[in-house]
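Asker: coords please:
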Amino acid sequence: MTVSSSASRNQYTATAGQTVFAYTFEIVTDDDIVVLKNGVTLTKTADYTVSGVGSDSGGNVTLVVGATAGDILTLYRDMAYERLTDYTNAGDFLAADVNNDFDRLWIATQQVNEEVNRSIKAPVTDPLTIDMTLPAKASRVGKLLRFNATTGDPEAVSESDVFTSGSLNVYNFTGDGSDTTFSLGQDPGGENNTQVYIDGVYQQKNTYSVTGTVITFSAAPPNLSTIEVMVVKPIAIGATSASSVSFTQAGSSTERNVQLKLQESVSVKDFGAIGDGVTDDTAAIQAAIDSGTKTIFFPRGIYFVGTQLTVGSASPLAQFVGDGYLSSEIKCAVSGVNIFLERANVEFFGLRFIPAPSAVNPIAVKSALPTNFADCDVWFRECWLDTGIYIAHQVVGRGSQFDSCILKCTTVMEITAPNPYNYSGSSASQPPEAGMRRYRVTDCDIDGVDTLIKAPNNTTADKYIHNVVVSGNSSNGLDFLFRGQSLRDSSIVNNVILVTENGTLIESLIAAKYISNVTISGNYFAGWSNPTVTITGRWNALISATNDPFDFSDTTVLNETLVDNLTIVGNVIKDIKLVVLNSYGNIKRIIATGNTFKRLFETSTTSPTMYLFNSRNYSDLTFAHNTISSDTGLITATQFYLANGTAGSNGNEFLFSNDSSFTLSSEKPTWTTGSGTPEGAVTAVVGSMYTRTDGGAGTSFYIKESGTSNTGWVAK
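Answerer: Reported below is the predicted structural model:
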């Protein structure tokens with residue numbers, strides 16, 4: 001028989017239940033064929049039978065069980081390379097034996113040729129000097145196969161030496177019917193790294209060319225056509241650096257790498273922080289601070305700070321950002337300063353500061369510029385300063401702001417001037433009276449705070465602290481809103497400030513030596529409202545101007561103006577003992593209008609006198625449209641004055657509006673105002689006074705001299 005030159009392999013996609021599959025090549029025995037179903041080798045007899053053995057045109061393979069629709073059946077010849085016939089001298093030399101032997105030789109040759117055709121080989125046109133031998137095992141283990149750029153010979157290389165497609169950038173243009181060239185944001189390296197569409201239709205690569213960053217079309221795209229060029233940029237296989245991946249922001253043609261994009265914000269966990277509240281994360285956080293980034297991020301966790309963190313004067317760091325104060329916490333374990341800022345303009349956002357049990361009087365953040373000059377400007381936004389933090393922000397210089405924070409620390413802000421306060425040379429534009437400014441607490445929740453803003457008397461520059469704004473806050477427990485040497489050019493507006501029962505009588509809500517150009521407006525100030533004789537948890541005065549606001553036992557009387565240009569408008573002020581303003585010096589230009597002074601009280605029996613304004617000397621005081629009432633259960637005073645002190649040297653006397661009303665308990669004398677005679681119309685106790693707005697000589701002022709009802713009024 002003859003041996004056909006046909007291929008020794010057949011493949012079929014089965015139909016449902018199909019059992020018979022033809023093979024078109026010669027086999028010598030039924031063991032010379034291999035049957036695969038979906039890549040799995042079947043077993044002769046158990047899975048199939050073979051017919052047509054020895055036929056040069058082939059035969060059939062019949063499955064025992066019919067195939068499933070879609071099964072892939074592959075039939076190929078796999079004859080063993082062996083000689084089965086042995087010729088002997090003087091033996092039979094039969095044609096059948098010789099033909100069978102020669103058939104096996106040709107079949108084996110075909111089988112080898114089939115395998116060779118499926119292998120990698122050099123074309124016949126290659127030079128004779130090529131060497132297609134693979135590198136030795138030791139050289140190629142774990143490597144990739146590459147062909148040398150010069151010889152074309154195979155060589156083993158590491159993954160990082162081989163390149164593949166990595167990033168995809170898209171560039172869009174609009175055709176005008178005449179332009180054929182368009183500039184891309186990167187060099188694709190050739191047409192094969194691009195895909196181009198015009199009005200959604202793919203463009204063959206022979207219709208354009210790429211040179212550098214310019215793509216040139218053989219024909220100008222139509223007018224108003226939409227051109228989309230997709231550029232695939234190669235990166236190294238297995239590369240771990242994000243600098244190898246390009247990034248282009250939407251709407252921009254500027255290409256950057258992902259490494260630069262990610263470095264815009266650095267997580268403290270990038271440097272090994274654990275955030276379990278136990279492991280000391282100080283080194284990791286400091287490394288993040290020193291990394292040169294502008295923002296460091298604190299993911300959800302509790303970050304233990306065991307030694308002081310420092311942001312140097314040359315650091316570009318501008319933001320400490322958390323995942324919200326309910327998620328990201330900094331545990332301050334340093335007895336003293338935990339985060340020290342030597343540079344200006346730093347923001348803390350979405351963080352909670354909590355004290356470690358071992359910390360004594362921890363200061364969360366301190367700002368002090370090494371230049372001895374006052375431009376700190378630090379912001380706390382949506383942060384939580386917890387109970388046990390001694391000082392939230394200790395600022396040596398200008399600028400500290402808390403916005404939308406929860407404040408439960410002992411002192412929220414402590415302000416001191418640089419000492420010495422050098423403002424010569426380049427700093428000459430900010431002497432103390434201009435430099436010590438901008439301290440703000442706005443829209444915060446304040447709970448159990450001893451002092452909101454403290455300004456210790458360290459230098460003469462502390463005398464000029466100004467531009468303090470306290471606005472829109474809600475407090476359930478605050479002793480001192482401000483306590484320091486000076487409060488100037490400031491406003492305290494729209495706050496709700498309450499005192500809780502703390503076992504002491506608080507000297508005043510605002511205590512300062514110098515107060516000028518201050519507006520207090522739209523607030524609700526209330527002491528502890530339980531009407532008991534203990535009177536603890538209440539303010540002695542709303543405002544106290546004294547020689548030393550940190551030592552109320554110092555009652556030195558000063559012959560200088562301590563309060564000048566103070567406006568108190570539209571407030572509700574209740575549960576204040578004795579006075580609204582108490583000054584151990586002179587006061588002038590005070591305006592109090594539209595206020596409600598409620599539940600005033602005085603329990604002294606040795607000096608039973610009440611004053612709304614108590615000072616050494618006063619002038620230019622205006623009191624209008626106010627309502628005053630006392631705490632019936634605690635009032636013992638028998639004399640009531642709006643102001644105490646002699647008239648100022650300029651001769652201006654105390655002024656009050658004719659519609660201000662006074663009710664100093666139902667058992668005590670009152671002073672009221674109205675039209676017409678009070679006789680038979682106004683009920684009061686003996687000793688009360690009445691001012692008549694429509695009276696004349698001898699009928700403008702009345703005193704209640706007798707009676708228990710509305711009679712006994714005598715004109716004076």
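Asker: now do the contacts for T677.
Answerer: Taking C-beta atoms under 8 Å, 6 or more residues apart in numbering, we find T677 in contact with 692, 699, 702, 713, 715. From N, CA and C alone the C-beta is placed, and that goes for glycine too.
Asker: okay, now the third one: neighbour count?
Answerer: Pointing back at Y702 there. By the measure other C-beta atoms under 10 Å, the count of residues near Y702 is 23.
Asker: quick check: it is in a strand.
Answerer: Yes - secondary structure of Y702 (DSSP: H, G, I helix; E, B strand; the rest coil): part of a strand.
Asker: next, find the distance separating it from I628.
Answerer: 19 Å (C-beta to C-beta, to the nearest Å).
Asker: what subset of the contacts of T677 is buried?
Answerer: Buried members of the contacts of T677, counted by 16 or more other C-beta atoms under 10 Å: 692, 702, 713, 715.
Asker: I'd guessed the second one sits against A681; true?
Answerer: By that I understand Y702. No - Y702 lies out of contact with A681 (C-beta atoms under 8 Å); the separation is 10.7 Å.
Asker: show me where the stretch 401-550 of the chain has strands.
Answerer: 406-407, 411-416, 437-442, 445-446, 449-455, 466-471, 474-476, 478-493, 496-498, 506-521, 524-526, 539-545 (DSSP state E, counting those that start in this stretch).
Asker: can you redo the ones you listed as a markdown table with mean pLDDT and mean neighbour count?
Answerer: Shown next, in a markdown table, are these (pLDDT from 0 to 100; neighbours: other C-beta atoms under 10 Å):
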| stretch | mean pLDDT | mean neighbour count |
| --- | --- | --- |
| strand 406-407 | 96 | 22 |
| strand 411-416 | 91 | 24 |
| strand 437-442 | 92 | 20 |
| strand 445-446 | 94 | 20 |
| strand 449-455 | 91 | 23 |
| strand 466-471 | 94 | 20 |
| strand 474-476 | 90 | 17 |
| strand 478-493 | 92 | 23 |
| strand 496-498 | 89 | 19 |
| strand 506-521 | 90 | 22 |
| strand 524-526 | 88 | 20 |
| strand 539-545 | 83 | 25 |
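Asker: closest one to R352 among those?
Answerer: Closest to R352 of the strands of the stretch 401-550 of the chain is strand 406-407 (C-beta to C-beta; 8.2 Å).
Asker: against which helices or strands is that closest one packed?
Answerer: strand 384-385, strand 445-446 (3 or more C-beta pairs under 8 Å, 6 or more residues apart in numbering; DSSP states H and E).
Asker: again, 7 Å this time
Answerer: strand 445-446 (3 or more C-beta pairs under 7 Å, 6 or more residues apart in numbering; DSSP states H and E).
Asker: T129: neighbouring residues, count only.
Answerer: 8.
Asker: ditto for T62
Answerer: Using other C-beta under 10 Å, T62 has 12 neighbouring residues.
Asker: wait, it sits on T19?
Answerer: Yes - with contact defined as C-beta atoms under 7 Å, T62 and T19 form a contacting pair (5.6 Å).
Asker: just list whatever residues bridge to the most centrally placed residue in the chain.
Answerer: Ranked by distance to the mean C-alpha position of the chain (C-alpha atoms, centre = their mean), the top residue is V321 at 3.9 Å. Beta-bridge partners for V321, by DSSP bridges, are F297, F349.
Asker: can you tell me which residues contact it?
Answerer: Contacts for V321 (C-beta atoms under 7 Å, 6 or more residues apart in numbering) come out as 295, 297-298, 349-350.
Asker: and if you look at L558?
Answerer: 547, 584-585 are the contacts of L558 under C-beta under 7 Å, 6+ apart.
Asker: again, 6 Å this time
Answerer: L558 is in contact with 584-585, counting by C-beta atoms under 6 Å, 6 or more residues apart in numbering.
Asker: what's the helix or strand where V35 lies in contact with?
Answerer: Assigned by DSSP states H and E, V35 belongs to strand 33-37. Strand 33-37 is contacted from outside by 27, 42, 48, 61, 71, 73-76, 78, using C-beta under 6 Å, 6+ apart.
Asker: which members of those are the farthest-apart pair?
Answerer: I27 and D71, at 22.4 Å, using C-beta to C-beta across the contacts of strand 33-37.
Asker: more neighbours: the two, which one.
Answerer: The neighbour count for I27 versus D71, taken as other C-beta under 10 Å, is higher for I27 (21 against 16).
Asker: can you tell me the closest non-neighbouring residue to that one?
Answerer: I33 (5.3 Å; C-beta to C-beta, 6 or more residues apart in numbering).
Asker: Throw the contacts of strand 33-37 into JSON lines and include distance to A511, thanks.
Answerer: Listed next are these as JSON lines, based on distance: C-beta to C-beta, whole Å:
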{"residue": "I27", "distance to A511": "110"}
{"residue": "L42", "distance to A511": "98"}
{"residue": "Y48", "distance to A511": "103"}
{"residue": "V61", "distance to A511": "105"}
{"residue": "D71", "distance to A511": "93"}
{"residue": "L73", "distance to A511": "98"}
{"residue": "T74", "distance to A511": "96"}
{"residue": "L75", "distance to A511": "102"}
{"residue": "Y76", "distance to A511": "100"}
{"residue": "D78", "distance to A511": "102"}
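Asker: could I get these as a markdown table with pLDDT, secondary structure and distance to A149?
Answerer: Listed next are these as a markdown table, based on pLDDT from 0 to 100; DSSP: H, G, I helix; E, B strand; the rest coil; distance: C-beta to C-beta, whole Å:
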| residue | pLDDT | secondary structure | distance to A149 |
| --- | --- | --- | --- |
| I27 | 86 | coil | 46 |
| L42 | 95 | coil | 46 |
| Y48 | 96 | strand | 50 |
| V61 | 95 | strand | 48 |
| D71 | 94 | coil | 45 |
| L73 | 94 | strand | 43 |
| T74 | 93 | strand | 38 |
| L75 | 93 | strand | 42 |
| Y76 | 89 | strand | 37 |
| D78 | 87 | coil | 39 |
